[in-house]
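Peer 1: I'll drop the sequence and a predicted model, then ask my questions.
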Amino acid sequence: MDFATFEKFTRNTNSEEGVIARFYDRAVKTDELTADGLPKFKLKCFCEIRIKDNSSEIFNQPADSEKIRRFPLEYERYKQNKKQAEEGTPLEHFAFLDVAEIAGLKLRGIFTVEALADLNDERAENLQLNKERDLARKFVERAKGNLSLAEWQNKEQQYLQKIKTLESKIEALQQNNTRSGNNEKYIRNMQRRG
């Protein structure tokens, strides 16, 4: 099927019934270069559109307002995924879930280990996720005692700053000591001459 035919099919008012859409971020090369001459990339929201039961026809395009209007549920799922990913541990980093379980959780709007751990008993029972929820709760509880990477980086920056300050003080003392030594030599030389 060519793109024009695909566009006609997807513009049909009933096409959403036969179309699957997914919003996702893709790294796109910019015209800018880094200091070492390599290209810079930025994330851009794309929309992948597939016709149901047709695995060979996949169209990826930058997301625009028309695609967001046509696929509001999929776009909301994309935004929820981004929001939770910023606020917690992605499910992909949780060793107790396989790819199929992760896909099922994401369909239910659960994108992080913390969101899984926060499921109440009734919802966990309805989704048949009691075991996974309990493992997630243990994971989150154990992680509370660990410093996050950001905290470690912050501490490292504080230590590096303290080292720089101390090195500056040592250098100033050495220069002062050198000047004092020179002054004492000058005074002794003057006393000998006098």
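Peer 2: Right, received. Where do you want to start?

Peer 1: which residues in this structure form helices?
Peer 2: 3-11, 65-70, 72-87, 99-107, 113-117, 121-126, 130-144, 149-193 (DSSP state H).

Peer 1: Could you give me the buried positions within the second one?
Peer 2: When you say that, I think you mean helix 65-70. Going by neighbour count (16 or more other C-beta atoms under 10 Å), the buried part of helix 65-70 is 67-68, 70. Yep, even glycine has a C-beta here, placed from its N, CA and C like the rest.

Peer 1: Please identify the deepest-packed of the helices of the chain.
Peer 2: Greatest average neighbour count among the helices of the chain goes to helix 113-117 (a mean of 23), per mean count of other C-beta atoms under 10 Å.

Peer 1: Could you list the low-confidence segments of the protein?
Peer 2: 1-16, 83-87, 145-150, 152-153, 180-183, 185-187, 190, 194 (pLDDT under 70).

Peer 1: and it, what are its domains?
Peer 2: Domain ranges of the chain: 1-71, 88-146, 155-194, per automatic domain parsing.

Peer 1: Which one of those domains lies nearest to K79?
Peer 2: Nearest of the domains of the chain to K79, taken as C-beta to C-beta: domain 1-71 at 8.2 Å.

Peer 1: Count the neighbours of D118 for me.
Peer 2: Here the count is done by other C-beta atoms under 10 Å, and D118 has 16 residues near it.

Peer 1: before we move on, could you check phi and psi at it?
Peer 2: Here is the backbone geometry of D118 (degrees, to the nearest 10): phi -80, psi 0.

Peer 1: on that earlier part again, could you provide the helices of the chain in JSON lines, with additional columns for distance to T30?
Peer 2: Converted to JSON lines, the helices of the chain look like this (distance: least, C-beta to C-beta, whole Å):
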{"stretch": "helix 3-11", "distance to T30": "26"}
{"stretch": "helix 65-70", "distance to T30": "22"}
{"stretch": "helix 72-87", "distance to T30": "20"}
{"stretch": "helix 99-107", "distance to T30": "29"}
{"stretch": "helix 113-117", "distance to T30": "33"}
{"stretch": "helix 121-126", "distance to T30": "42"}
{"stretch": "helix 130-144", "distance to T30": "36"}
{"stretch": "helix 149-193", "distance to T30": "26"}
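
Peer 1: quick one, which of the ones you listed is nearest to I20?
Peer 2: helix 72-87 (8.4 Å).

Peer 1: A124 touches R133, doesn't it?
Peer 2: Yes - contact criterion C-beta atoms under 8 Å: A124 and R133 qualify, at 4.4 Å.

Peer 1: ok so, going back, could you dump the domains of the chain into a markdown table with distance to Q80 added?
Peer 2: A markdown table is the format used below for these (distance: least, C-beta to C-beta, whole Å):
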| stretch | distance to Q80 |
| --- | --- |
| domain 1-71 | 11 |
| domain 88-146 | 6 |
| domain 155-194 | 32 |
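
Peer 1: I appreciate the help and will end here.
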